[in-house]
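[1] predicted model follows, preceded by the sequence.
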Amino acid sequence: MSVPDMHGDGARPPGRGSRRFFRSRRTWRVLATGASAVVLAIGIAIPAMAVLNGSPSNFEANDGNMVVNTSGNHDWANVSFIHVTDQFNSNSDDSFTPGQKQDTTCPDTSGHKNPGKDDFTDVASFDEKNTTSGDTFLYGATIRFTANGNASENVELKQSNTLCPGQPTGGVTQRTPGDKLIAIDYLNGGTNVQFNVLTWIDGTDPTNPTCFVGNDQPPCWGSVVKSLSASAAEGQASQAAITAANNPISGQALVAGQFAEFGVNLSAAGIVPANACQSFPQTVWESRSSGSSFVSSTKDIAIENHTIGNCTSSVSTNPQKSTDNTTFTDLANNGSIPSGTYVRDQATVTVNGTNEWRGNVDFYLCSSTTSTLTSCDPAGSNATQIGGDVAVGQGGTSPPGATATSDSTQVSAGSYCWAAEFTGTSPTGLPGSTSTTGECFSVTAPTSIATNPWFYPQDRAVISASSGGPLTGSVSFKLFDSFADCTANGATGLLYTEGPDNVSGASPQTVDTSNSDYRVHSDTVGSLYGRVTYTSTNAEQTDSSSECVENIGATITADGTVSFS
C-alpha cells in the first residue's frame, strides 16, 4: 500500500521503507535550518513516574498495564472510560486514503487493510479536571492487532461539529484553526515516549503563520511545534503480556507491545487553558508507520465523538401555559391542561469554564395521540420545531441573557413533551447540550352530554262483530307523518307498516303492534296519522277500517316530558 507523507512529495514506493525513513531524516535537517522549524524526531524522552502532577485521580498512565499498582491510584480498571472499537484485519477498515496531502481541511477516508502493527482494534480515553488548578487531563490507550516495538500515533483534537463532505453521521469533521494534534512516539520498545503538539492554522496568526510542511500553504498544521516535558505528559507501551482478566478495555489477552497508554496535562500542553473555555467534541486517533517522525505515513483511524475540554453547558427548562396567550403560568411536569390552551417553553443555559459566551436555543414539541410520552427527541418524527433560533449569552457587550423563551402554540388533545437544544457559538469549542425529559404534559378534550328521549309509538286495534260467528281474517297497520299523506295512502310520508296480522276467535279480538323500527323523539313532527284495516275472511262478516282519524299527537320536550294531544 502506498501512503503519502506529510511533506506532500508523493506516495511511498512499496518495499522502500528504510530509504524513505532516512530521506525523511535528511529532509528534517533542511527544515531545521529555518528559525521556526522544530525537529519532532528529537522529542523529549519521558522517564517513568508515578502519576502526572495534579492528576485528580492519580491515574497511572505510564506503567503499560490497565490495573492499579499503587493503592489509592486509578487505572483503566477502575475509571469510567470512553471505549471505541475499530475494524481490524479487514479490507474495509476506515483509514486516510493514500495519495493525498495531510494538510487538507477534510482528508479523504476510505476502507483499507492496514498492517497489523498499525491496525487499531480498540481505543479508550478518560478525561478529568482539577477543580483547584483548573487543569484538564486526558488519558488515552490504544490496542493494536499485532505488537509493535516502536509504536507511533497521532491524537487529533477537533473543535468543529461540521461533518466533512461524504462522511456518515459520526464521521470525520472538518479541521478548523486552533485544532490540536498530539504526535506520540513510543520508542525503545515503548519505554521512551515523546510528545509533540501541532496546531491547525489559517495563516493569520503572526506567531504561527507558516506550515509545518514547508512547501504547503495554509490552512495546514503550523510550523510551531511544542514538545512536552515529563511534567506535562507520560506514557508507556506494555512490556509484558496482559491477561484477559486484566484487560477491561477489550477483554482479550494481549502480548507485550500490543497495548500503549499515555497521559497529558492538556493545560500544561497549551491545548486547554486552565479556567478558560476550550472544548473539542471529536477526537481522531491515527496510527503512523513505525518511525519517530510526525511525517511518517498515517494509517488506521478511529473516531471518538466525546467532548474533551474544560467547558460544559447544561439546560434547565420551565414549560408554561396560558388560556389567553397573554398571561402565562408554570406547568408542572406531567400536568394536565384542557384542549385549546396555549403553551410555551423557557430554557435557562448554564455554562461552566468561561464568563463570556454566546449561543442559540431551539425548542421542539413532541406529540402523540396514541401513547403517553415521557421524553422528546428533537430529531424524532413526532417533533416539531416551535419558532427559530433564540439567542442566549452572558458577559461582554449587550448580552442577550441566559434564559430563552419559545414562541407559544395552541394544543389539542394528546400527550406532549418539550425539548430545548442549546448550540454554542462562542467561544470556539463551547459544547452544546439538550434537555429532553422532565417537561411533559397531557391535553384533555372537554366532553358534553345532550339528551333526546324517544319512544316507539304503538297502536291497538279492537275488532268486533255483532253476529256471524267467530272472527277470521287479518289486520294491517300504517303510520304516516301527515293527514294528507295518510289520506293519499301512498309511499310518501309512510313511517311504519305492520301486518297483515292474523285475527281469529270470538268477537271481540285485540291486536297490538310491535313497532321497533320507527321512534318518536323531540325533533319529530307532533301529529302522526294512522290507517288500520281489517280484512275479513268470514263470509258472514264485512271488512272495516279506520282511515286517518287516529291522530297520535305525541310531543316530547327536551327535558323528556311526553304529552299526547
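    That came in fine, so what should we check first?

[2] remind me which residues of the protein are low pLDDT?
    1-50, 290-297, 522-526, 551-565 (pLDDT under 70).

[3] quick one: buried residues of stretch 425-433?
    Using 16 or more other CB atoms under 10 Å as the burial criterion, the residues of stretch 425-433 that qualify are 427-433. Bear in mind the C-beta positions are built from the backbone N, C-alpha and C, glycine included.

[4] err, stretch 119-136, not the other one
    119-130, 134-136.

[5] list the residues that contact the residue nearest to residue 106 when sequence neighbours are not counted.
    Spatial nearest neighbour of residue 106, excluding adjacent residues (CB to CB, 6 or more residues apart in numbering): residue 164 at 3.5 Å. Residue 164 is in contact with 105-107, 171-174, counting by CB atoms under 8 Å, 6 or more residues apart in numbering.

[6] and the two most separated of these?
    Greatest spacing in those, by CB to CB: 105 and 171 (14.3 Å).

[7] distance of residue 431 from residue 313?
    Distance, residue 431 to residue 313, using CB to CB, to the nearest Å: 6 Å.

[8] identify the contacts common to those two.
    Shared contacts of residue 431 and residue 313 (CB under 8 Å, 6+ apart): residue 424.

[9] are we agreed that residue 103 is in a strand?
    No. Secondary structure of residue 103 (DSSP: H, G, I helix; E, B strand; the rest coil): coil, not part of a strand.

[10] excluding its backbone neighbours, what's nearest it?
    Sequence neighbours aside, residue 220 is the residue nearest to residue 103 in space, at 3.8 Å (criterion: CB to CB, 6+ apart).

[11] neighbours of that neighbour, how many?
    Other residues lying near residue 220 total 24 when counted by other CB atoms under 10 Å.

[12] same question, the one 3 residues further on
    The local packing of residue 223 (other CB under 10 Å) involves 22 other residues.

[13] next: residue 192.
    Residues within reach of residue 192, counting by other CB under 10 Å, total 20.

[14] look up which residues are beta-bridged to it.
    Counting by DSSP bridges, residue 192 is bridged to residue 187.

[15] buried residues in stretch 370-384?
    Buried residues in stretch 370-384 (16+ other CB under 10 Å): 373, 376, 378, 382-383.

[16] no wait, stretch 450-462
    So for stretch 450-462, counting by 16+ other CB under 10 Å, buried means 457, 459, 461.

[17] likewise for stretch 271-286?
    For stretch 271-286, the neighbour count (16+ other CB under 10 Å) marks 271-272, 274, 277-286 as buried.

[18] what's the answer for stretch 228-237, then?
    228, 230, 232-237.

[19] with stretch 182-194 instead?
    Neighbour counts over stretch 182-194 (16+ other CB under 10 Å) mark 182-187, 189-194 as buried.

[20] then that stretch to CSV, C-alphas only?
    C-alpha atoms of stretch 182-194 as CSV (Å, rounded to 0.1, in the frame of the first residue of the first chain):
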residue,chain,number,x,y,z
ILE,A,182,-0.6,15.4,19.7
ALA,A,183,2.1,13.4,18.0
ILE,A,184,3.1,10.4,20.2
ASP,A,185,6.1,8.1,19.6
TYR,A,186,6.7,5.0,21.8
LEU,A,187,10.4,4.4,21.3
ASN,A,188,12.9,1.9,22.6
GLY,A,189,10.3,-0.8,22.7
GLY,A,190,7.7,1.6,24.2
THR,A,191,9.7,2.7,27.2
ASN,A,192,10.8,6.1,25.9
VAL,A,193,7.8,8.2,24.9
GLN,A,194,7.9,11.5,23.1
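
[21] where do the strands of the stretch 451-565 of the chain begin and end?
    Using DSSP state E, counting those that start in this stretch, the strands assigned to the stretch 451-565 of the chain run over residues 454-455, 460-463, 471-480, 494-505, 509-512, 520-521, 529-536, 544-551, 554-556, 562-564.

[22] switch these over to a markdown table; also include distance to residue 257.
    Converted to a markdown table, the strands of the stretch 451-565 of the chain look like this (distance: least, CB to CB, whole Å):
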| stretch | distance to residue 257 |
| --- | --- |
| strand 454-455 | 93 |
| strand 460-463 | 109 |
| strand 471-480 | 103 |
| strand 494-505 | 100 |
| strand 509-512 | 105 |
| strand 520-521 | 93 |
| strand 529-536 | 108 |
| strand 544-551 | 111 |
| strand 554-556 | 97 |
| strand 562-564 | 100 |
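
[23] among those strands, which is nearest residue 216?
    strand 520-521 (90.8 Å).

[24] against which helices or strands is that closest one packed?
    Applying 3 or more CB pairs under 8 Å, 6 or more residues apart in numbering; DSSP states H and E, one finds that strand 520-521 makes contact with strand 454-455, strand 554-556.

[25] and residue 257, what are its phi and psi?
    With angles defined as degrees, to the nearest 10, residue 257 sits at phi 90, psi -10.

[26] how close does the residue nearest to it when sequence neighbours are not counted sit to residue 241?
    Distances taken as CB to CB, 6+ apart place residue 147 nearest to residue 257, at 3.3 Å, with adjacent residues excluded. Relative to residue 241, residue 147 is positioned 10 Å away (CB to CB).

[27] same thing with residue 449?
    Noted for residue 449: a distance of 80 Å to residue 241, by CB to CB.

[28] higher neighbour count, the two?
    Ranked by neighbour count (other CB under 10 Å), residue 449 and residue 241 place residue 241 first, with 14 against 4.

[29] shouldn't that one be in contact with residue 259?
    No. The criterion here is CB atoms under 8 Å, and residue 241 misses it with residue 259 at 9.7 Å.

[30] neighbours of residue 492, how many?
    Neighbour tally, residue 492, other CB under 10 Å: 11.

[31] residue 485 is in contact with that one, correct?
    Yes. Residue 492 is in contact with residue 485 according to CB under 8 Å; the separation is 5.2 Å.

[32] residues near residue 83, how many?
    14.

[33] let's verify the closest residue to residue 258 other than its chain neighbours: helix, strand, or coil?
    Closest residue in space to residue 258, ignoring its immediate chain neighbours: residue 147 at 5.0 Å, by CB to CB, 6+ apart. Reduced to three states with three-state DSSP, the structure at residue 147 is coil.

[34] residues contacting residue 147?
    Residues near residue 147 by CB under 8 Å, 6+ apart: 117, 255-258.

[35] could you check how far it is from residue 61?
    As judged by CB to CB, residue 147 and residue 61 stand 20 Å apart.

[36] what of residue 129?
    Where residue 61 is concerned, residue 129 sits at a distance of 16 Å (CB to CB).

[37] how close does residue 488 sit to residue 320?
    Separation of residue 488 from residue 320 (CB to CB) stands at 67 Å.

[38] between these two, tell me which one has more neighbours.
    Neighbour count, other CB under 10 Å: between residue 488 and residue 320, residue 320 has more, with 17 against 14.

[39] tell me the bridge partners for that one.
    Note on residue 320: beta-bridge partners by DSSP bridges are residue 330, residue 344.

[40] got it, and residue 144?
    What pairs with residue 144, by the bridge criterion (DSSP bridges), is residue 120.

[41] just checking, residue 358 touches residue 389?
    No. Assessed by CB under 8 Å, residue 358 is found out of contact with residue 389, at 11.5 Å.

[42] more neighbours, the two?
    Between residue 358 and residue 389, counted using other CB under 10 Å, the more crowded position is residue 358 (18 against 14).

[43] dump the residue contacts of that one.
    Taking CB under 8 Å, 6+ apart as the criterion, residue 358 is in contact with 391-393, 396, 399-400, 424-426.

[44] 10 Å instead, please
    Contact analysis of residue 358 by CB atoms under 10 Å, 6 or more residues apart in numbering lists 351, 391-396, 399-400, 424-427, 430.

[45] list only buried entries from these.
    Buried by 16+ other CB under 10 Å: 351, 392-394, 424, 427, 430, out of the contacts of residue 358.

[46] can you put the residues you listed in TSV and add secondary structure and distance to residue 477?
    Conversion of those to TSV gives the following (DSSP: H, G, I helix; E, B strand; the rest coil; distance: CB to CB, whole Å):
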residue	secondary structure	distance to residue 477
351	strand	86
392	strand	80
393	strand	85
394	strand	87
424	strand	85
427	coil	92
430	coil	87
